Each structure stands twice: as structure tokens, then as C-alpha cells.
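Trainee: structure for the following, please:
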Amino acid sequence: MSYVSGKTIKELREKKKYTQKQLAHLLQISDKTVSKWETDRGLPDVSLITGLAEVLGVSVAELLMGEVIENDNPSANIKKLNFYICPICGNVIQSIGIGSYSCCGVQLPVATVEENDAEHEIFVEDIDGEYYVHMNHPMSKTHYISFVALVTSNRVEMIKLYPEQNVECRLAKRGHGYLYIYCNKHGLYRTNCP
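Mentor: Predicted structure coming up:
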């Protein structure tokens, strides 16, 4: 596991326009301590990491990695939704724009959409004003579709699926969008919804 560097602390402090003395005051420590951190003659005690991250306006993960994630899409178009999926517990985090997330002690990469193939062909039918989504895919305890999600311009509808059930669900038809499915072995797939 990496630990916060003096260079990161200095860059974040300067970005906030704090002097070493101001940062020290906010953390209730001496400015000499901040100077030691920034010149790599000492490291912040682990008990200060959460407070340091808060004062510097970053997450603990960003502080420890030394990489600040900037949101370059403040308008946040929901069709640009990203999924972060934990490989250990299967937890799914949705984010409009890029973020920095971790689960089960693992830094999660954004899930990238895979090239559609025959094994992951998604069928979408319009039945009674709803999308009926189904596919022919294994649903065993070791290989299954974890979720189906419909993303339109203003909402997300997600259906969680479980091993040993069929890959089929109905989703409210609310305009054009993308339909995503996630295979626990092969990744994220997407198709357009009319």
C-alpha cells in the first residue's frame, strides 16, 4: 500500500492557497510538522490522514495515491454514466463522470464496455410499453449476468440478477438510451435501446 508523499501534500496545499502555517492551524499541529512532511523528512501520522484529506478537499484514496480526480464534465450527462464493480464482493457503484472509488480494499477501475459477441447477445423486445430484455447466457454460481441497467437521458433503472435464475427482466420504456449488462467473467456490454 502506498502512503501520502510530501510532494502531494505541498501541491494540494498550494492549490487550496494555504500557507504551511494555515494548514498546520487547521490540523492543530505545528507548521514545522507540515514542513517536515513536504520535504520528505517525516510522514503524517495515520490518525491525521482523514483530517488532512478533508482540509485539502480530496478523498483519502486520492491523497494516498497522489492522484486527484478532476471532474471535467460539470454538466454531468447521465448517459455518460460509469460503473465501478468490485471483483471481490460484486458491489456496483454508479458515477456520472470519472471518480475514485474503492471496495474491499481494492481501488476500482471504471468498467469499460466490451465488444459485443454471440455469447453476450442482448435481445430487447417492446411488450406492453416495456422493454423485455433477455439473453441466452450461463447462470451458474461461477459464471452469470450480475445486472441489467437501462440508462436514459435523465434516469437509471437497474435490475440485479442472481446465479441460477434466467437472464430476463422488464424495464420501463422511458425514451432512448443504453442497455447495459454485466457478466462476472467477461465484463460490461452495451446495446442501444430504441
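Trainee: tell me the domain ranges of the chain?
Mentor: Taking automatic domain parsing as the reference, the chain has its domains at 6-65, 78-193.
Trainee: endpoint to endpoint, the first one covers what distance?
Mentor: For domain 6-65, the first and last residues are 12 Å from each other (Cα to Cα, to the nearest Å).
Trainee: I'd like the domains of the chain as CSV, with mean pLDDT and mean neighbour count appended.
Mentor: The way it works is simple: take the backbone N, C-alpha and C, and place the C-beta from them, glycine included. Compiled in CSV, the domains of the chain are given as follows (pLDDT from 0 to 100; neighbours: other Cβ atoms under 10 Å):
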stretch, mean pLDDT, mean neighbour count
domain 6-65, 88, 16
domain 78-193, 89, 15
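Trainee: partners of the spatially most central residue of the chain in the sheet?
Mentor: Centroid-nearest residue in the chain: residue 84, 4.1 Å away (criterion: Cα atoms, centre = their mean). For residue 84, the beta-bridge partners are residue 93 (DSSP bridges).
Trainee: return the residues in contact with it.
Mentor: Going by Cβ atoms under 8 Å, 6 or more residues apart in numbering, residue 84 touches 92-95, 99, 101, 103, 108-111.
Trainee: redo that, cut-off 6 Å
Mentor: 93, 101, 108 (Cβ atoms under 6 Å, 6 or more residues apart in numbering).
Trainee: output the longest helix belonging to this structure.
Mentor: Using DSSP state H to define each element, the chain has its longest helix at helix 6-15.
Trainee: same for the helix or strand just after that one, what does it pack against?
Mentor: Remark: after helix 6-15, the chain's next helix or strand is helix 20-27, criterion DSSP states H and E. The contact analysis (3 or more Cβ pairs under 6 Å, 6 or more residues apart in numbering; DSSP states H and E) places helix 20-27 against helix 31-38.
Trainee: which helices and strands does the helix it packs on pack with?
Mentor: By 3+ Cβ pairs under 6 Å, 6+ apart, helix 31-38 packs against helix 6-15, helix 20-27.
Trainee: phi and psi next, for residue 51.
Mentor: With angles defined as degrees, to the nearest 10, residue 51 sits at phi -60, psi -40.
Trainee: surely residue 93 meets residue 102?
Mentor: No. Taking contacts as Cβ atoms under 6 Å, residue 93 lies outside contact range of residue 102: 9.6 Å.
Trainee: enumerate every residue touching residue 148.
Mentor: 133, 159, 169, 181.
Trainee: next one: residue 44
Mentor: Contacts of residue 44 by Cβ under 6 Å, 6+ apart are 37, 52.
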